[in-house]
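>>> Make a model of this:
(2 chains)
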Amino acid sequence: MYASTQFFWRFTESSLDFMNSELFTLTYGALVTQLCKDYENDEEVNKQLDKILFAHALPVFPLGYNIGVRLIEDFLARSSVGRCQDFRETADVIAKVAFKMYLGITPSVTNWSPAGDEFSLILESNPLVDFVELPDNHSTLVYSNLLCGVLRGALEMVQMAVDVKFAQDSLRGDNVTEIRMKFIKRIEENLPAGDE
Amino acid sequence: MADDVLFEFLHMEMVSHIYKEQASRGEMDKDRATCVSALEGMGFRVGQGLIERFTKDSPSFKDDLDIMKFICKDFWINVFRKQIDNLRTNHQGTYVLQDNKFSLLTQLSSGKQYLEEAPKYLAYSCGLVRGALSNLGMDCVVTAEVSPMPS
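Alright, predicted model coming up:
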């Protein structure tokens, strides 16, 4: 698929942390390769990585989403961040705390919509795509689509329905990677009566 | 950085996806062996890549035992955040690595009924080890066993 056995090394200092993040990066690469083998086209792979919420859709196996719904618990336990007051605060927490904690990068938060319900995360570098090149026949593959699913799943668990997608992708020729996040609505907590 | 958690979640999702995928295709003749070998194969490629990174600056190994010790210490620490607890060999090509608290299994409840599920969660790691050893020049078969801890 991509340059599987020829890894294009980037110079970095070696450290325990760095080496361990490669395990995640390389595992993710192996997973995307497997998905490309399993499914006929990139569109399908993109869906598998994220999740489609349409009721009529074929059963899709929501990888990113599933990770997100679990990751949020881990995040809340580790970071002891309180409830965010508004979407702006949410954006800051995602960029400065969550991304830093799990991927070691701090994207910048920009391009707020006038209504304050939409913003962009700009990633100067994307650890998921270390060692990766997209071959020509996979130019529509949104390689890092897992991230969209993770963000959606995690925020859904804290009662926020959001739409997340890639606006720019360094793997497909853009200078930076840009994730666009849009607040859809607040999800009402459906707790059965009698629960706290 | 909590990226080991990220890997653990990704691993769980991968295992679950591979199995659901096989089930949904309705290919009942393809049993869990295919799933296990798909996971093992993924681990193999990643293991090869990882070991290249880990050893590119180190001198070559003296012998097989040296390689195994590297796997038990540096490799295991980098991948699973701890060393192997026990290494045994019969000096005839068989090595047994024992990890008393394998990070990818700690999330499964301990209890006999879950032991059957354990191989799913070990396939990728077996592939990692086999891939690493293969790039170091050792052709081998890697199998894993889980035994319940004495209560």
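>>> Who are the contact partners of the residue nearest the centre of chain B?
For chain B, B:Ser125 is the residue whose C-alpha lies nearest the centre (CA atoms, centre = their mean; 1.6 Å). Contact analysis of B:Ser125 by CB atoms under 8 Å, 6 or more residues apart in numbering or on different chains lists B:43, B:102, B:104, B:144. Where you see a C-beta, it was placed from the backbone N, CA and C, and this is true even at glycine.
>>> just those residues now: which is nearest B:Ser16?
B:Ser16 has its nearest neighbour among the contacts of B:Ser125 in B:Leu104, at 13.0 Å by CB to CB.
>>> just to revisit the earlier point, among the contacts of B:Ser125, who's most crowded?
Top of the contacts of B:Ser125 by neighbour number is B:Gly43, holding 28 neighbours under the definition other CB atoms under 10 Å in any protein chain shown.
>>> Is that one in contact with B:Leu128, as I believe?
Yes - A contact is recorded between B:Gly43 and B:Leu128 when judged using CB atoms under 8 Å, the distance being 4.4 Å.
>>> Tell me, how many residues neighbour the residue nearest to A:Leu128 when sequence neighbours are not counted?
Excluding the flanking residues, the one nearest A:Leu128 by CB to CB, 6 or more residues apart in numbering or on different chains is A:Ser144, at 4.8 Å. Other residues within reach of A:Ser144 by the criterion other CB under 10 Å amount to 24.
>>> I'd like to check which residues are in contact with A:Ser144.
A:126, A:128-129, A:166, A:169, A:171, A:177.
>>> would you list these in CSV and tack on neighbour count, distance to B:Arg81 and pLDDT?
Formatted as CSV, those follow (neighbours: other CB atoms under 10 Å in any protein chain shown; distance: CB to CB, whole Å; pLDDT from 0 to 100):
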residue, neighbour count, distance to B:Arg81, pLDDT
A:Asn126, 21, 24, 90
A:Leu128, 22, 21, 88
A:Val129, 20, 24, 87
A:Phe166, 21, 31, 91
A:Asp169, 21, 31, 90
A:Leu171, 20, 29, 87
A:Thr177, 23, 28, 94
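>>> so which of these comes closest to chain B?
Distance to chain B across those (CB to the nearest CB) is lowest for A:Leu128, with 10.3 Å.
>>> Give me the secondary structure label for that closest one.
helix (DSSP: H, G, I helix; E, B strand; the rest coil).
>>> what's the spacing between it and A:Leu63?
Distance, A:Leu128 to A:Leu63, using CB to CB, to the nearest Å: 13 Å.
>>> ok, now B:Pro119?
B:Pro119 sits 21 Å away from A:Leu63, going by CB to CB.
>>> and these two? which has more neighbours close in?
Counted by other CB under 10 Å, B:Pro119 and A:Leu63 do not tie: A:Leu63 has more neighbours, with 26 against 17.
>>> what residues are up against the more buried one?
A:31, A:48-51, A:146, A:149, B:13-14, B:17.
>>> Now the lengthiest helix in chain A: buried residues?
In chain A, with assignment by DSSP state H, the single longest helix is helix A:16-38. By neighbour count with 16 or more other CB atoms under 10 Å in any protein chain shown, helix A:16-38 contains the buried residues A:18-36, A:38.
>>> near chain B, from those residues?
A:19-24, A:26-31, A:33-34, A:38 (CB under 8 Å from any CB of the partner chain).
>>> tell me the contacts of A:Val109?
Each residue near A:Val109 by CB under 8 Å, 6+ apart is listed here: A:91-92, A:95, A:119-122.
>>> Of these, select the buried ones using a ChimeraX command.
Per 16+ other CB under 10 Å, the buried members of these correspond to this ChimeraX selection:
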select /A:91,95,119,120,121,122
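>>> Alright, that wraps it up for me.
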